[in-house]
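Asker: Just a sequence and a predicted model for now, questions to come.
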Amino acid sequence: MKWILSQLSLSYPSNLVYMLQITEYDLPHFLKWWLRVKNFSAVSSRGSLVKTSKAKLLVVVLHALRLFLIISLIIIFTSLNDNVSLLLAGLAVSLLYVVAPVSLLCLIITLARPVTDIKTKKAVEKASKTFANHPGLKIAVAGSYGKTSVKELLLTVLGTNLTVAASPANRNVVSSHVVFASRLIGNEDVVIVEYGEAKPGDIDKLARLSKPDIGIITGLAPAHLDNYGTLANVADDLMSLANFVEPENLYINSAPPAIRKYIKPNFQTYNNVSGCGWSVSHLKIDYSGMKFKIKKDDTILDLSTGLIGEHLIGPLVLCAVIALKLGLSNQAVEAAIALTRPYEHRMQPKSLGGAWIIDDTYNGTIEGMTAGLKLMGQLPAKRKWYVTPGLVEQGAQTEAIHNQLGELIAQAAPDRVVLMKNTVTPFIQAGLERGGYGGIVSLEGNPLNFYLNLDQFIVDGDLIMMQNDWSDNYA
């Protein structure tokens, strides 16, 4: 019943276009989502339609179509006298009322694609020339996780003494890079571009566009396996960045074991305890940040940061190394690192009524989950909560990875686990049971309600680690 009534609502056209936006106008992805929806009024519970000119036009077209169908139904009912004919005509128009909006959207997107492709090709060619002719040092940041954090750290650290431009937020696909290129002034000392990967060939395509001088691979983990199929295919795509920069200008996070076989002797590497020949010592972590020393030969830097989590030490060392390479003094690097703060929804600590929340809801890999669970164990608290919906796009490894996640949670032994109920929840529960978890497990069917009323559940001294989010287009 909800399926029918939600399609009769005035919000149905907007919800359909929202679904198109979320799936980036990928028709197969959009149709798969449409077919499994039971209530279209609930598809935008986690987000809302971005009212671009394209989106607004599509909504108007759908409303016009629905109005046309209603008028047609009225005309049919006033012109036909035969009850059987009326019934058949009514059923036909009603069916069209459900199917026609989706069909029309697919037709419009399909017919518009050739024109869109031509416009996109011209825009990409123009952006490619902009990047090629830009005199600044171009840094590409790729990886299964940690891309945006490393990009923002570089922007902060290098931006204290140099003119730096970086691609905004997590806009890391070709279309967003085209817009970014159009906004470059040309006097930037450094241009930082974040690369997003979703299917084989993406990194190669982005590197050909932005032509990097320095490449960074922040890590390898199962991600987007629905498209890549295997972790090896993800690695091959990420490592294609090596085709565009000199070996000594490629920096790789060697912490994930799966990436190590791809590392060649001339590549630069970093991890949680060292980076590019620098060792780390005297580490202290609390809710306000971290302090540690890094040393290479006779040079010692005392670093402090507002970031928390051992997994962020390596990226900070990397930023220091690149800053020193670009001519910043030791003192300038120390001062710049001190300015670094958590990026939104990435290990971001927040105080709430005497409790601490670590917001890591942007994270979406098992490596990131592992880092969050480790941090949870290192921070003091009277009572510890772990909150997650699990991970998306894990392909054939979905069950195994969520079993592993459940076992990792059990090992970390929080006092309470809150699972946002979805298709992977049983796999996490199985892992918790296998790991011998003895705390309280709660299933939450309305994540938004839980997050909005979090202050009603926690007390002074609590620590709540929240990892990953589950957007509307995943079941």
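Answerer: Sure, I can see it.

Asker: In a strand, residue 385, correct?
Answerer: Yes. The assignment for residue 385 by DSSP: H, G, I helix; E, B strand; the rest coil puts it in a strand.

Asker: Hmm, residue 461 and it touching each other?
Answerer: No. Counting by CB atoms under 8 Å, residue 385 does not reach residue 461; the two are 11.6 Å apart. To be clear about C-beta, it is placed using only N, CA and C from the backbone, and glycine gets the same treatment.

Asker: So for those two, which sits in the more crowded spot?
Answerer: Between residue 385 and residue 461, counting by other CB atoms under 10 Å, residue 385 is the more crowded of the two (24 against 12).

Asker: residues in contact with that one?
Answerer: By CB atoms under 8 Å, 6 or more residues apart in numbering, residue 385 lies in contact with 414-418, 458, 462-465.

Asker: Which ones among those residues map onto strands?
Answerer: Among these, the members found in strands (DSSP state E) are 416-418, 462-465.

Asker: what are the phi and psi values for residue 157?
Answerer: Note on residue 157: its backbone torsions stand at phi -70, psi -50 [degrees, to the nearest 10].

Asker: got any ranges where the stretch 301-450 of the chain has weak pLDDT?
Answerer: 363 (pLDDT under 70).

Asker: For it, which segments are assigned as helices?
Answerer: For the stretch 301-450 of the chain, the helices defined by DSSP state H, counting those that start in this stretch cover 313-325, 330-337, 366-378, 398-412, 425-434, 447-452.

Asker: For residue 206, find the nearest of these.
Answerer: Minimum separation from residue 206 across those (CB to CB) falls at helix 313-325, 19.8 Å.

Asker: Show me what that closest one packs onto, helices and strands only.
Answerer: helix 147-159, strand 250-253, strand 268-270, strand 274-275, strand 278-286, strand 289-296, strand 299-305, helix 330-337 (3 or more CB pairs under 8 Å, 6 or more residues apart in numbering; DSSP states H and E).

Asker: again, 7 Å this time
Answerer: helix 147-159, strand 268-270, strand 274-275, strand 278-286, strand 289-296, strand 299-305, helix 330-337 (3 or more CB pairs under 7 Å, 6 or more residues apart in numbering; DSSP states H and E).

Asker: got the angle between it and strand 299-305?
Answerer: Interaxial angle of helix 313-325 relative to strand 299-305 (axes from the mean of the first three to the mean of the last three CA atoms, to 10 degrees): 130 degrees.

Asker: Number the chain from 638, please
Answerer: That works, and once the first residue is 638, the last one we named lands at helix 950-962.

Asker: which residues sit in contact with the spatially most central residue of the chain?
Answerer: The centroid of the chain falls nearest to residue 999 when counting by CA atoms, centre = their mean (5.8 Å). By CB atoms under 7 Å, 6 or more residues apart in numbering, the residues touching residue 999 are 982-983.

Asker: Next, work out how far apart it and residue 1085 are.
Answerer: As judged by CB to CB, to the nearest Å, residue 999 and residue 1085 stand 17 Å apart.

Asker: With mean neighbour count and distance to residue 873 as added columns, please give the helices of the stretch 938-1087 of the chain in JSON lines.
Answerer: JSON lines is the format used below for these (neighbours: other CB atoms under 10 Å; distance: least, CB to CB, whole Å):
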{"stretch": "helix 950-962", "mean neighbour count": "23", "distance to residue 873": "23"}
{"stretch": "helix 967-974", "mean neighbour count": "17", "distance to residue 873": "33"}
{"stretch": "helix 1003-1015", "mean neighbour count": "21", "distance to residue 873": "18"}
{"stretch": "helix 1035-1049", "mean neighbour count": "21", "distance to residue 873": "20"}
{"stretch": "helix 1062-1071", "mean neighbour count": "18", "distance to residue 873": "27"}
{"stretch": "helix 1084-1089", "mean neighbour count": "14", "distance to residue 873": "35"}
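
Asker: how far away is the residue nearest to the centre of the chain from residue 646?
Answerer: 31 Å.

Asker: now swap in residue 1077 and tell me
Answerer: Counting by CB to CB - residue 1077 and residue 646 are separated by 38 Å.

Asker: ok, now residue 923?
Answerer: For residue 923, the distance to residue 646 - CB to CB - is 50 Å.

Asker: do residue 761 as well
Answerer: From residue 761 over to residue 646 (counting by CB to CB), the distance is 39 Å.
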